[in-house]
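> following is a predicted model, sequence given first.
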Amino acid sequence: MAKAMSGQKTVTPTASSLAASAQAAKGRGLPPIEKWNPPFCGDLDMEIRRDGTWFYEGTPIGRIELVKLFSTILLREDGKYFLVTPVEKVGIRVEDAPFVAVDFDAVGTGEDQQLRFTTNLDDVAIAGPSLPIRVERDDVTGEPSPYVLIRRNLEALIDRKSFYRLVDLGVHHDGWFGVWSGGQFFEIIPSKEMLEEE
């Protein structure tokens, strides 16, 4: 918590005050949060669950436009997540990834293929060298957790139905089974393991 000066009490911003500051700073496109350097004001009781639902003080935030507004001021630093405005910075909890990729379109084939992902908050990202796909596997169960980078080092967990569709588009390349997008091959599973599962 930032220290107060001259005996003044530091007050942690609320969801309402953050929304007002974010709305005031909103212009066209995403706000330039990387240029802002506000003081850290403590942690806010806000969490993004694995399914993409945002909670404030234990209650789901029902207004999708408010959630979208908050998502535009979301920052990740050293594995921690913050909401940032020109005048304040507060920590929030993220259970897994801040977004969920709920669908994608595939345009083209082979190395020329482009995979265009859409998130639960209507962000759109075309996977490629600057927006990679990665797959983590649980050490115990082997269960895959696939992700795609959306923006500003913020990832989306690719939902199960979309991941199954990705696997349907997969090909073998240099000992790996994976997918092409934006001229880059993204590894899903070693070809040997994929062939053993089939």
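Here it is on my side, so go on. Numbering: from 1, shown residues only.
> contacts, neighbours, all on C-alpha from now
Noted.
> report how many residues lie close to W180.
Using other Cα atoms under 10 Å, W180 has 25 neighbouring residues.
> name the helices or strands packed onto the helix or strand hosting it?
Assigned by DSSP states H and E, W180 belongs to strand 176-181. Secondary-structure packing of strand 176-181 (3 or more Cα pairs under 8 Å, 6 or more residues apart in numbering; DSSP states H and E): strand 114-119, helix 160-169, strand 171-173, strand 184-190, helix 191-197.
> these: lowest mean pLDDT?
Ranked by mean pLDDT, those bottom out at helix 191-197, with a mean of 77.
> what residues of it count as buried?
S191 (16 or more other Cα atoms under 10 Å).
> and for stretch 174-186?
W176, F177, G178, V179, W180, S181, G182, Q184, F185, F186.
> next: stretch 78-90.
For stretch 78-90, a neighbour-count test (16+ other Cα under 10 Å) marks Y81, F82, L83, V84, T85, P86, E88, K89, V90 as buried.
> distance to L66 added to the helices and strands packed on strand 176-181, as JSON lines?
Output for the helices and strands packed on strand 176-181, formatted as JSON lines (distance: least, Cα to Cα, whole Å):
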{"stretch": "strand 114-119", "distance to L66": "16"}
{"stretch": "helix 160-169", "distance to L66": "26"}
{"stretch": "strand 171-173", "distance to L66": "40"}
{"stretch": "strand 184-190", "distance to L66": "34"}
{"stretch": "helix 191-197", "distance to L66": "42"}
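> if we can go back for a sec, what angle do the strand holding W180 and helix 160-169 make?
Strand 176-181 runs at 100 degrees relative to helix 160-169, counting by axes from the mean of the first three to the mean of the last three Cα atoms, to 10 degrees.
> what about the spatially closest residue to I126 that is not a sequence neighbour, how many neighbours?
What sits nearest to I126 in space, not counting adjacent residues and going by Cα to Cα, 6 or more residues apart in numbering, is R116, at 4.3 Å. By other Cα under 10 Å, the residues close to R116 number 17.
> how close does R116 sit to L195?
Distance from R116 to L195, counting by Cα to Cα, to the nearest Å: 27 Å.
> with L149 instead?
The value you get for L149 to L195, if Cα to Cα is used, is 28 Å.
> wait, the residue nearest to I126 touches D123, no?
No: the criterion here is Cα atoms under 8 Å, and R116 misses it with D123 at 10.3 Å.
> now do the shared contacts for these two.
When Cα atoms under 8 Å, 6 or more residues apart in numbering defines a contact, no residue borders R116 and D123 alike.
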